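Novice: Sequence and predicted structure below; questions after.
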Amino acid sequence: MNEDNSTSVQYLSFILDERLFAFDVLKTREVLTFDKVTPIPCSASYVAGVINLRGSVVTVMDLRVKFGMKAVDRTENTAIIIVEAMYGEDKVVVGALVDAVKGVLHFENNQIEPPPRVGMKLNAELITGIGKTTNDFVVILNVDKVLSEEDLSLALQHAENPGKAVSDVPQASVE
């Protein structure tokens, strides 16, 4: 009998500035088509604002801005990935604004390399690994680290004290 100890892991892939990134599927809840986001005054530049997700206020972070990439106009492919990140003992639901969602990728353990230690523009803690596909590399992001403690604290505050009635925040469209 042939025993295979390899484990396949799934990642939701997305595009930022024509580069392929991914989040662990287990950390993602859903993908929304981009709709109007209500800006939050005096928040960090990468906080796009908040959306109403079935009655809950969810903070949306623009990953392009967070990673120092050039701003671009939103397109029909622009999407919000709803993820669950850990903030201490709490699970915080946050939206990640991305250029486009590509789909689910399956990687075997031997297809994921540790992040490079040299020449990284992004903090190495933000990256879980580099996935290798036939034609490309995929930067696998650590949801809990990408959305820093400060970001998650802000998201938790918006969820608990939105500052305005949930009905005043635009509804997001589920894709």
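Specialist: Great, that's in hand. Numbers count the residues shown, from 1 in each chain.

Novice: For the chain, which segments count as strands?
Specialist: Taking DSSP state E, the strands of the chain run over residues 8-16, 19-24, 28-33, 47-53, 56-62, 79-87, 90-98, 100-108, 112-113, 127-132, 137-141, 173-174.

Novice: Please enumerate residues in contact with stretch 72-83?
Specialist: By C-beta atoms under 8 Å, 6 or more residues apart in numbering, the residues outside stretch 72-83 that reach it are 12, 14-15, 23, 27-34, 37, 51, 53, 58, 60, 64, 93-101, 143, 147, 172, 175. (C-beta placed from N, C-alpha, C; glycine too.)

Novice: burial count for the residue nearest to Arg64 when sequence neighbours are not counted?
Specialist: Using C-beta to C-beta, 6 or more residues apart in numbering and skipping the chain neighbours, the partner closest in space to Arg64 is Leu16 (5.7 Å). Leu16 has 20 neighbouring residues, counting by other C-beta atoms under 10 Å.

Novice: what's the answer for Cys42, then?
Specialist: 5.

Novice: Please name the bridge partners of the residue nearest the centre of the chain.
Specialist: By C-alpha atoms, centre = their mean, the chain has its centre lying nearest to Ala96, at 4.0 Å. Going by DSSP bridges, Ala96 is paired in beta bridges with Met61, Ile81.

Novice: The one 10 residues further on now?
Specialist: Beta-bridge pairing of His106 under DSSP bridges involves Gln10.

Novice: ok, it touching Gln10?
Specialist: Yes. With contacts counted by C-beta atoms under 8 Å, His106 reaches Gln10, the gap being 5.6 Å.

Novice: Just the buried residues from the contacts of stretch 72-83, in ChimeraX please.
Specialist: Here is the ChimeraX command that selects only those of those that count as buried (16 or more other C-beta atoms under 10 Å):
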select :12,14,23,27,28,31,32,34,37,51,53,58,60,64,93,94,95,96,97,98,99,101,143,147,172
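
Novice: With distance to Val72 as added columns, please give the strands of the chain in TSV.
Specialist: Below are the strands of the chain laid out as TSV (distance: least, C-beta to C-beta, whole Å):
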stretch	distance to Val72
strand 8-16	10
strand 19-24	13
strand 28-33	17
strand 47-53	13
strand 56-62	11
strand 79-87	14
strand 90-98	11
strand 100-108	11
strand 112-113	29
strand 127-132	23
strand 137-141	19
strand 173-174	20
